[in-house]
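> requesting a structural model of the entry that follows:
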Amino acid sequence: MDHARGIGQLTIMSASLKTGIGFWGSLLSMAVLLGSCTKDSGPVIIRPETDTVSFNDTIIPILVTNCVSGCHPGFGALDLTATNAYTDLVNVASINYPPGLRVSPQDPEGSVFYQKIVGNTQYGSVMPPAPPPLTDEETGLIYDWIKQGALDN
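The predicted model follows:
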């Protein structure tokens, strides 16, 4: 229930008692107050506004630390080194999951790269395959970067 609305309804009920509306008016006010209560469907998760995520300062270090050693460059025709990562990721069709794009700007859920790092089995194995997986913070930063338009910044 909206807290401000509930206080307003209690104020109306209190005023009705003072003005002589009486028991039935108060009962009606209470019914309105209780009728406005509804069962939650669960918590609403609101992601806070984030600063613009820098590809060069934030995403590249995640890629270099977690993806470059051993697999990319080379494997899957995907080079995630600092000099090639952007051009190999953004608006590039996925070789294994066409017609999907590796990174579809402003659409993390539609980006094969994001789906791979969060472990969506529709897109094969989770990346990186060797432990440790990306942290929630790293995954969140990649999500934000894609959502913000996957800028080359």
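
> pull the helix or strand with minimum mean pLDDT from the chain.
helix 3-18 (a mean of 44; mean pLDDT, DSSP states H and E).

> tell me how far Ser104 lies from Pro133.
Distance of Ser104 to Pro133, computed by CB to CB, to the nearest Å: 22 Å. Backbone N, C-alpha and C define where each C-beta goes, glycine included.

> tell me which of the two has more neighbours.
A direct count of neighbours by other CB atoms under 10 Å for Ser104 and Pro133 places Ser104 higher, at 20 against 16.

> now do the more buried one against Val92, distance only.
As judged by CB to CB, Ser104 and Val92 stand 10 Å apart.

> do the same with Asp57
22 Å.

> so which of those two has more stuff around it?
Val92 (17 against 9).

> ok, and the closest non-adjacent residue to the more buried one?
Closest residue in space to Val92, ignoring its immediate chain neighbours: Arg102 at 4.9 Å, by CB to CB, 6 or more residues apart in numbering.

> in contact with that neighbour, which residues?
Residues near Arg102 by CB atoms under 8 Å, 6 or more residues apart in numbering: 78, 88-90, 92-94, 111-113.

> for Asn56, grab phi and psi.
The phi/psi pair for Asn56 (degrees, to the nearest 10) reads phi -70, psi -40.

> residues touching it, list them.
So Asn56 contacts 82, 153 (CB under 8 Å, 6+ apart).

> run the last query once more with 10 Å
Residues near Asn56 by CB atoms under 10 Å, 6 or more residues apart in numbering: 82, 85-86, 151-153.

> what's the pLDDT at it?
On the pLDDT scale, Asn56 is placed at 97.

> show me what contacts Val103?
Per CB under 10 Å, 6+ apart, neighbours of Val103: 85-86, 88-92, 94, 110-114, 142, 145-146, 150.

> so which of those residues are in helices?
85-86, 88-89, 112-114, 142, 145-146 (DSSP state H).

> which one of the contacts of Asn56 has the most neighbours?
Going by other CB under 10 Å, Ala85 tops those with 24 neighbours.

> how does the chain divide into domains?
Listed domain ranges for the chain are 3-35, 55-147 (source: automatic domain parsing).

> just these: most buried one?
domain 55-147 (a mean of 16; mean count of other CB atoms under 10 Å).
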